[in-house]
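1. what's the 3D shape of this:
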Amino acid sequence: MDVTEQRHFQRVPFATESTIEFGGKQHGADVVDICLKGALLKLSGPPQCRRGDACTVSIVLDNSDIVVQFEAEVAHLRDQFLGVKLLKIDIDSMIHLRNIVELNTADPDQVRKELSFLYSEE
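-> Have a look, this model is predicted:
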């Protein structure tokens, strides 16, 4: 089974800046894509972390004071790219994240199905 078959959540391109904190240090990163369960980030250099490490991701929405923040774990690393799996998010950040994904996908109904799938996992 390849990665796309395993993936339950539709990723959408979303280019914006973010910060990721791991090991007590903050690092600037660009968001490459995002979904309801994680994100792919691009750092300026190879990340100083390992798969499974805990981190906090903060995404400031352009032209806004809205910050989407969530606790995550490092899911995969490759060169300066870092995939994170969302573990914990507050309701306001989740609403903004859902809106980001819905507005950037060709199939908003699929996002609603994914959201219901999220709650059935817990």
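2. Strands along the protein, start to end?
-> Ranges of strands within the chain are 12-22, 25-35, 38-43, 54-60, 67-78, 81-89, based on DSSP state E.
3. Just name the most buried of the ones you listed.
-> strand 38-43 (a mean of 21; mean count of other CB atoms under 10 Å). All C-beta spots, glycine's among them, are computed from the backbone N, C-alpha and C.
4. which other helices and strands contact it?
-> Applying 3 or more CB pairs under 8 Å, 6 or more residues apart in numbering; DSSP states H and E, one finds that strand 38-43 makes contact with strand 12-22, strand 25-35, strand 54-60, strand 67-78, strand 81-89.
5. Nearest to residue 106, out of the strands of the chain?
-> Of all these, it is strand 12-22 that lies closest to residue 106, at 9.1 Å by CB to CB.
6. what's near enough to touch residue 73?
-> 52-55, 84-85, 87 (CB atoms under 8 Å, 6 or more residues apart in numbering).
7. switch the cut-off to 6 Å
-> 52, 54, 85, 87 (CB atoms under 6 Å, 6 or more residues apart in numbering).
8. now the residues you listed as TSV including distance to residue 33 and pLDDT?
-> Below are the contacts of residue 73 laid out as TSV (distance: CB to CB, whole Å; pLDDT from 0 to 100):
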residue	distance to residue 33	pLDDT
52	21	97
54	21	97
85	14	96
87	18	96
